[in-house]
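>>> give me a model of this one.
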Amino acid sequence: KMVQRITYRRRLSYNTRSNRVKTVRTPGGRLVFQYLKKRPSVPKCPVTGVMLKGVKPATNQEKSRMSKRQKTVYRAYGGVLSHTAVRDKIVRAFLIEEQKIVMKVLKAQGKKE
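Here you go, the predicted model:
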């Protein structure tokens with residue numbers, strides 16, 4: 001028996017990213033194309049560019065149905081910045097404060113003399 005030919009159901013006739021399909025056999029025995037959705041990418045850290053762990057890639061519609069636990073991480077800037085970026089931010093803030101204290105001490109010593 002000859003192989004059944006299948007045609008696209010929509011007007012776009014090229015094999016592009018937005019036109020991906022999978023072949024499905026219907027209960028009637030015909031082969032038809034089912035269109036696949038584009039899957040969202042994993043969120044990335046804007047500072048380091050690393051993929052964020054513990055955050056599910058989902059569309060905004062899917063996110064509205066997801067629990068908070070699946071969308072964020074329990075940490076400062078969780079689900080937005082990577083752990084490295086947060087660590088660097090904390091270290092930088094600490095060092096700036098230390099620098100201020102050192103400057104204050106040096107100024108006080110200068111006044112004493």
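
>>> tally of neighbours for residue 82?
20 (other Cβ atoms under 10 Å). Glycine gets a C-beta too; all of them are placed from N, C-alpha and C.

>>> can you pull the contacts of it?
45, 47-48, 50, 52 (Cβ atoms under 8 Å, 6 or more residues apart in numbering).

>>> top helix in this structure by residue count?
For the chain, the helix with the greatest residue count under DSSP state H is helix 83-112.

>>> just the buried residues of that one, please?
83, 85-86 (16 or more other Cβ atoms under 10 Å).

>>> pLDDT score for the residue nearest the centre of the chain?
For the chain, the residue nearest the mean C-alpha position is residue 43 (0.7 Å; Cα atoms, centre = their mean). On pLDDT, residue 43 comes in at 94.

>>> once you drop chain neighbours, what's closest to it?
residue 52 (4.9 Å; Cβ to Cβ, 6 or more residues apart in numbering).

>>> swap in residue 26?
Per Cβ to Cβ, 6+ apart, closest to residue 26 is residue 32, 5.8 Å.

>>> Three-state assignment for the one you found, please.
Put simply, residue 32 is strand when judged by DSSP: H, G, I helix; E, B strand; the rest coil.

>>> that one: neighbouring residues, count only.
Around residue 32 there are 15 residues (other Cβ under 10 Å).
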